[in-house]
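[1] Build me a structure from this.
(one chain, ligands or ions: 2)
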Amino acid sequence: MTRNHIHERTFIIRSQSGGNLVNLVVVSNRVSRASANEPMTGGLAAALLPVVEKSGAIWVGSSGRLREGAQKEPFAEIEALGAGALAMLDLPAAHYEGYYEGFANSALWPALHSRTDLIRTTQDNYQSYREVNSFFARALLKFRKPDTAFWIQDYHFLALGAELRALGVTHPIGFFLHTPWPTRDIFGGVPHHRELVEAMLAYDLIGFQTDGDRDNFLSYVEADLGLEVSGGTVQSRYGAARCAVFPIGIDPAKFAAFAAKSSSHPDVSRLRRSLNGEKLAIGVDRVDYSKGLVNRIEAFDRMLTAQPQLKRSVSLLQIATLSRGNIEAYGDLQNQLAKLVSDVNGRHGEVDWTPIRYLNKGFSQTVLAGLYRTAQVGVVTPLHDGMNLVAKEYVAAQNPVDPGVLVLSKFAGAANELDTALLVNPNDIDGMARTIATALSMPLLERRMRWEAMMTKLRAGTIQEWFSDFVDALDRAHALNDTAANDDVPASEPPVVWPVHSVASGAATRLH
Ligand SMILES: O=P(O)(O)OC[C@H]1O[C@H](O[C@H]2O[C@H](CO)[C@@H](O)[C@H](O)[C@H]2O)[C@H](O)[C@@H](O)[C@@H]1O
Ligand SMILES: O=c1ccn([C@@H]2O[C@H](COP(=O)(O)OP(=O)(O)O)[C@@H](O)[C@H]2O)c(=O)[nH]1
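    Ligands and ions are numbered 1, 2, ... in the order given. Next up is the predicted model:
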């Protein structure tokens with residue numbers, strides 16, 4: 001590794017106090033260091049940033065850089081994050097593509113979203129996935145102290161708990177899945193499905209977004225692995241793995257404050273001025289086949305065709321941030337959407353009116369909140385979605401005296417809580433077209449009643465509660481297991497000292 005451009009310093013991770021799990025290490029592929037003025041990439045990083053920041057945990061994830069030989073010598077850029085730290089690992093250059101694009105997002109993601117027809121992977125990709133899980137396990141040892149608990153996030157790391165156990169780690173290890181878990185026949189379409197689920201049982205606690213996800217997982221474990229499941233707990237060679245539901249939330253007060261504050265932001269005020277009294281529907285999604293974007297645009301098209309009097313009185317602002325563009329299914333979708341939007345605009349547009357404003361760029365959450373508040377209708381129509389935080393953010397950003405209406409797919413995890421939204425089946429294009437029109441003309445009293453009921457749910461299940469409920473449950477789940485948690489680590493182990501570089505090294509390749 002060339003060190004010419006590296007400024008070395010050290011960062012000492014100190015113990016936090018309070019709670020039983022005093023040293024929490026949170027692990028996810030995607031991390032965020034974004035400020036409120038930058039767009040977030042995906043809900044996982046957006047949700048974790050503020051809570052990890054406050055908790056004093058160490059958050060370990062990808063630096064977005066690749067490094068030759070990273071497996072032999074893990075290299076992390078470490079910076080302070082609130083009371084804790086953010087540790088960004090350079091990932092092994094030989095395995096990143098196979099791990100992230102080849103297996104996580106071309107085998108697991110399609111299956112988890114019930115699209116086994118889109119699975120395209122190889123044995124090498126699986127090998128790379130396992131290599132990166134094992135690489136993270138070795139890197140995590142550096143952060144282990146006697147009272148550490150590890151909390152692993154998402155489908156990128158199904159096998160990370162088993163890799164840590166194989167290295168002798170007996171500490172609490174929890175896992176949370178941000179996506180849906182499909183029915184057992186669908187998960188059975190993933191190459192190596194059995195090994196992966198067996199590996200997951202090394203976790204003390206496995207968290208899901210909804211009851212349906214947990215039940216699907218347990219039914220796979222019972223029927224396909226033939227293991228005993230009792231009261232949501234699976235017994236395996238690793239001991240007990242508790243499976244429970246923790247619907248992820250947002251900070252509704254923060255979004256309300258952002259929305260109130262951002263009305264003067266140039267993007268928000270320009271949008272308002274450009275509407276000239278016309279109504280607005282808004283969609284905010286990564287360009288992903290799970291998000292039902294094609295169906296949504298077709299429904300908007302159908303609505304304008306069926307009810308031409310709505311032309312010039314409503315338009316759709318679709319923020320569509322590009323995602324995972326190196327994967328064929330994503331590239332194809334980008335092209336399909338660009339063509340579809342231009343076709344709809346071409347057929348319905350006028351010299352001074354465009355029905356769909358389609359933007360492939362991201363906005364900060366402060367601006368986003370102002371855009372949400374400007375729109376009378378929020379359209380969230382995934383075919384399958386773990387939660388969908390945009391649905392929750394749209395509701396939280398509304399003006400309490402004149403709230404907008406949420407049109408929400410019944411296949412988003414968020415529909416379990418936001419059941420007073422107008423729930424739709426995204427496969428029923430005519431039904432969605434009618435529902436968007438209903439939302440546009442809903443009387444104030446009904447809008448308020450529906451909105452207040454949703455706000456009550458959002459206030460009862462905030463991101464702060466999600467975080468502390470999981471950590472408490474992990475503590476209890478670990479206590480169920482008979483292992484002596486810290487046998488392998490001397491009580492006097494010194495704090496970890498990592499080399500840190502403050503500028504990108506020439507030896508690493510930047511990814512995103
Ligand atoms: O990291 P990327 O590959 O760019 O993808 C972005 C994230 O997408 C997924 O987000 C999920 O988590 C959200 C919060 O729990 C949830 O609301 C949403 O339904 C999920 O799709 C993915 O699971 C993350 O790992 C990615 O970082
Ligand atoms: O321009 C944008 C678009 C989205 N987001 C954030 O990205 C997250 C998307 O999360 P969601 O759960 O809806 O979907 P995911 O992308 O994780 O599947 C939300 O917190 C949004 O506020 C953002 O900050 N700027």
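
[2] So, low pLDDT: which residues of the chain?
    Confidence mapping of the chain against pLDDT under 70 gives the ranges 1-22, 482-512.

[3] quick one: furthest residue from the center of it?
    residue 351 (39.6 Å; Cα atoms, centre = their mean).

[4] could you pull out the strands for the stretch 351-500 of the chain?
    356-359, 377-380, 405-409, 422-424, 497-501 (DSSP state E, counting those that start in this stretch).

[5] who's in contact with the residue of the stretch 401-512 of the chain found nearest ligand 1?
    Relative to ligand 1, the nearest point of the stretch 401-512 of the chain is residue 413 (6.2 Å; Cβ to the nearest ligand atom). C-beta here means a position set from N, CA and C on the backbone, and glycine is covered the same way. Counting by Cβ atoms under 8 Å, 6 or more residues apart in numbering, residue 413 makes contact with 180, 209, 210, 213, 247, 385, 386, 387, 388.

[6] Out of the strands of the stretch 351-500 of the chain, flag the one nearest ligand 2.
    strand 377-380 (7.8 Å).

[7] who's in contact with that closest one?
    279-283, 296, 300, 316, 372, 388, 390-391, 394-395, 404-409, 412, 414, 436, 439-440.

[8] Residues of this protein that sit close to ligand 2?
    39-40, 42-44, 46, 284, 286, 319, 321, 362-363, 365, 368, 387-390, 393 (Cβ under 6 Å from any ligand atom).

[9] Closest residue of this protein to ligand 1?
    Closest point on the chain to ligand 1, by Cβ to the nearest ligand atom, is residue 42, at 2.3 Å.

[10] Secondary structure of residue 105: a strand, I assume?
    No: applying DSSP: H, G, I helix; E, B strand; the rest coil, one finds residue 105 to be helix, outside a strand.

[11] That one is in contact with residue 324, isn't it?
    Yes: if you go by Cβ atoms under 8 Å, residue 105 and residue 324 touch, sitting 5.5 Å apart.

[12] so which of the contacts of residue 413 also contact ligand 1?
    Within these, those near ligand 1 by Cβ under 6 Å from any ligand atom are 385, 386, 387, 388.

[13] returning to that earlier point: farthest-apart pair in the contacts of residue 413, please.
    Greatest spacing in the contacts of residue 413, by Cβ to Cβ: 213 and 388 (13.6 Å).

[14] Neighbour count for those two, which is higher?
    residue 388 (27 against 21; other Cβ atoms under 10 Å).

[15] any idea how far that one is from residue 329?
    20 Å (Cβ to Cβ, to the nearest Å).

[16] which residues sit against the helix or strand where residue 343 lies?
    In this structure, residue 343 sits in helix 328-348 according to DSSP states H and E. Contact with helix 328-348 is made by 106, 110, 118, 120, 287-289, 293-294, 297-298, 300-301, 304-305, 311, 318, 320, 322-325, 354-356, 358, 360, as judged by Cβ under 8 Å, 6+ apart.

[17] Please check those and keep the buried ones.
    106, 110, 118, 287-289, 293-294, 297-298, 300-301, 304, 311, 318, 320, 323-324, 355-356, 358 (16 or more other Cβ atoms under 10 Å).

[18] Please give me every residue in contact with the residue nearest to residue 189 when sequence neighbours are not counted.
    Leaving aside its chain neighbours, residue 189 sits nearest to residue 116 (3.7 Å; criterion: Cβ to Cβ, 6 or more residues apart in numbering). For residue 116, the contact set (Cβ under 8 Å, 6+ apart) comprises 110, 186, 189, 190.

[19] which ones are touching the last one?
    So the one you mean is residue 190. 107, 108, 111, 116, 119, 196.

[20] Compare those and tell me which is most surrounded.
    residue 107 leads the contacts of residue 190 on contacts (other Cβ under 10 Å) with 26 neighbours.

[21] Quick check: chain neighbours aside, which residue is closest to that one?
    Per Cβ to Cβ, 6+ apart, closest to residue 107 is residue 121, 4.1 Å.

[22] can you count the residues close to residue 207?
    Neighbours around residue 207, by other Cβ under 10 Å: 27.

[23] and it, that one's in a helix?
    No: counting by three-state DSSP, one finds residue 207 to be strand, located in no helix.

[24] Residue 29 looks like it's in a strand, true?
    No: using three-state DSSP, the assignment for residue 29 is coil, not a strand.

[25] That one is in contact with residue 104, isn't it?
    Yes: Residue 29 lies in contact with residue 104 (Cβ under 8 Å); the separation is 7.5 Å.

[26] can you pull the contacts of whichever residue of the chain sits closest to ligand 2?
    When distances are taken as Cβ to the nearest ligand atom, the chain reaches nearest to ligand 2 at residue 43, 2.5 Å away. Residues in contact with residue 43 (Cβ under 8 Å, 6+ apart) are 178, 248, 387, 388, 389, 390.

[27] Could you check how many residues crowd around the residue nearest to residue 228 when sequence neighbours are not counted?
    Excluding its sequence neighbours, the residue lying closest to residue 228 (Cβ to Cβ, 6+ apart) is residue 235, at 5.0 Å. Look at residue 235: counted by other Cβ under 10 Å, it has 14 neighbours.

[28] what are the bridge partners for residue 235, then?
    residue 240 (DSSP bridges).

[29] related to what we said a few turns ago, could you give me the PyMOL syntax to select whichever of the ones next to ligand 1 among the contacts of residue 413 are buried?
    To isolate the buried members of those in PyMOL, using 16+ other Cβ under 10 Å:
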select buried, resi 385+386+387+388
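
[30] For residue 428, state which of the ones next to ligand 1 among the contacts of residue 413 is nearest.
    Scanning these for proximity to residue 428, where the rule is Cβ to Cβ, the winner is residue 385, at 17.0 Å.

[31] correct me, but the closest one touches residue 290?
    Yes: here residue 385 reaches residue 290: they are 6.1 Å apart, a contact under Cβ under 8 Å.

[32] Touching both of those two, which residues are there?
    By Cβ under 8 Å, 6+ apart, the residues touching both residue 385 and residue 290 are residue 113.

[33] So which of the contacts of helix 328-348 sit within strands?
    Among these, DSSP state E puts 318, 320, 356, 358 in strands.

[34] So which of those residues is the closest to residue 125?
    residue 320 (27.1 Å).

[35] which is the next helix or strand following the one helix or strand residue 62 maps to?
    Taking DSSP H and E as the criterion, residue 62 maps to strand 58-67. Scanning forward in sequence from strand 58-67 by DSSP H and E, the next helix or strand is strand 76-81.

[36] Would you mind listing the outside residues contacting whatever helix or strand comes next after that next one?
    Sequence order places strand 84-92 as the next helix or strand after strand 76-81, per DSSP H and E. By Cβ under 8 Å, 6+ apart, the residues outside strand 84-92 that reach it are 11, 13, 16, 31, 33, 52-53, 55-67, 69-71, 74-80, 99, 131-132, 135-136, 139, 143, 498, 508.

[37] sorry, back to before: farthest pair in the contacts of residue 190?
    The widest separation within the contacts of residue 190 (Cβ to Cβ) is 14.7 Å, between 116 and 196.

[38] need the contact list for residue 429.
    So residue 429 contacts 295, 298, 299, 302 (Cβ under 8 Å, 6+ apart).

[39] would JSON lines of these with distance to residue 87 be doable?
    Shown next, in JSON lines, are the contacts of residue 429 (distance: Cβ to Cβ, whole Å):
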{"residue": "295", "distance to residue 87": "40"}
{"residue": "298", "distance to residue 87": "44"}
{"residue": "299", "distance to residue 87": "44"}
{"residue": "302", "distance to residue 87": "49"}
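
[40] Much appreciated, bye for now.
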